[in-house]
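# Sequence and predicted model, in that order:
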Amino acid sequence: MLSIIIPTLNEEKYLPLLLESIKKQKFLDCELIVADAGSEDKTLEIAKKYNCKIIKGGLPAKGRNEGVKVAKGDLVLFLDADVVLPDNFFEKALNEYDKRQLELASFCIVPLPKSKFSSFLLNIFYNQPIVLLENALPHAATGILIKKGLFEKLGGFDEDVKLAEDHYLARRAKEVFGAKCGIIKSTEIFVSDR
C-alpha cells in the first residue's frame, strides 16, 4: 500500500485539483492523509469529501512526520497541496522506482499554468541540475517517494529546519545510510507557480 501525505493550511483553492488528479489514476491501493495546520477555509471539508484521513499537522515538516505516524503503507509519497499529477503518474513512477531499486525519489516539476518563460527557468535552474546531480547531491521537493523504513531510520524530517527540509532529508538519506536516491524521469509533477 502507498500512503500519500499532504500537509495543508488553507488550501481550498489547490487541494481539490490534487485530489481529483489522484482520483483519476488507475492505481487504487493507496490511502490519503491530510495533515492540517489549522485551516480556516474549506480545506477540511474538501479532504472529507475525498475520504482523506485528517490529522493535526503544523509546519510542513511536522505535518509530514505526523502523517507517517498513522500511515499504513510501506511506501510513502509526500505531496505539496498545490500539485497536480499527470495521467498514469503512479503507474510510471512506481514502475521506475522499483526497476531502479530506489529508496528515495523525487520528480522534475512543470509550472501551472504552463508558460514558456517559467518552464524555461524551471528547467535551467531546477530540473536539469537535479537530474545531473541525482547521484552526488540528491534533491527532493514538492513530491517525495520514500520507503517508510528508511524514513523512520532517518527520524523523519528535521522539524528545526524551516526551509528546504525536504532537500535536507534526501541528503541525509544518502550521506548517513547510503540510500539509493534518484529523480524519476518517466513522469513529472505539475505545481502551481504561486
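Ah, there it is.
# what pLDDT, on average, does the lengthiest helix in the chain get?
In terms of residue count, the longest helix belonging to the chain (DSSP state H) is helix 165-177. Averaged over helix 165-177, pLDDT sits at 94.
# The helix or strand that it is followed by packs against which elements?
Downstream of helix 165-177, the first helix or strand assigned by DSSP states H and E is strand 181-192. On a contact count with 3 or more C-beta pairs under 8 Å, 6 or more residues apart in numbering; DSSP states H and E, strand 181-192 meets strand 83-84, helix 89-99, strand 104-112, helix 128-132, helix 165-177. For the C-beta atoms, the positions are set from N, CA and C on the backbone; glycine is no exception.
# so which of the ones you listed gets nearest residue 63?
helix 165-177 (10.9 Å; C-beta to C-beta).
# how far off strand 181-192 does that closest one point, in degrees?
170 degrees (axes from the mean of the first three to the mean of the last three C-alpha atoms, to 10 degrees).
# before we move on, back to that, mean neighbour count and distance to residue 30 added to the helices and strands packed on strand 181-192, as a markdown table?
Shown next, in a markdown table, are the helices and strands packed on strand 181-192 (neighbours: other C-beta atoms under 10 Å; distance: least, C-beta to C-beta, whole Å):
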| stretch | mean neighbour count | distance to residue 30 |
| --- | --- | --- |
| strand 83-84 | 20 | 15 |
| helix 89-99 | 17 | 8 |
| strand 104-112 | 22 | 16 |
| helix 128-132 | 14 | 25 |
| helix 165-177 | 18 | 20 |
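# Quick one, which of these gets closest to residue 2.
Comparing the helices and strands packed on strand 181-192 by C-beta to C-beta, helix 89-99 comes nearest, at 7.4 Å.
# thinking again about what came up before, need the contact partners of the longest helix of the chain.
Applying C-beta atoms under 8 Å, 6 or more residues apart in numbering, the contact partners of helix 165-177 are 60-61, 78, 103-104, 106, 137-142, 144, 146, 150, 153-154, 157-159, 161, 179, 181.
# Okay, and which of those residues map to helices?
Reading helices off the contacts of helix 165-177 with DSSP H, I get 60, 61, 150, 153.
# from the residues you listed, which is closest to residue 71?
Distance to residue 71, by C-beta to C-beta, is smallest for residue 150 among the ones in helices among the contacts of helix 165-177, at 13.3 Å.
# Kindly state the pLDDT recorded for the closest one?
97.
# you'd agree it is up against residue 103?
Yes - Residue 150 is in contact with residue 103 according to C-beta atoms under 8 Å; the separation is 5.1 Å.
# Now the common contact residues for the two.
In the contact map built from C-beta under 8 Å, 6+ apart, the residues linked to both residue 150 and residue 103 are 173, 179.
# so what's residue 133 up against?
residue 139.
# Next, name the residue at the spatial heart of this protein.
residue 143 (2.4 Å; C-alpha atoms, centre = their mean).
# ok, now how distant is that residue from residue 154?
Distance of residue 143 to residue 154, given as C-beta to C-beta, to the nearest Å: 18 Å.
# got it, and residue 15?
27 Å.
# which of those two has more neighbours?
residue 15 (27 against 19; other C-beta atoms under 10 Å).
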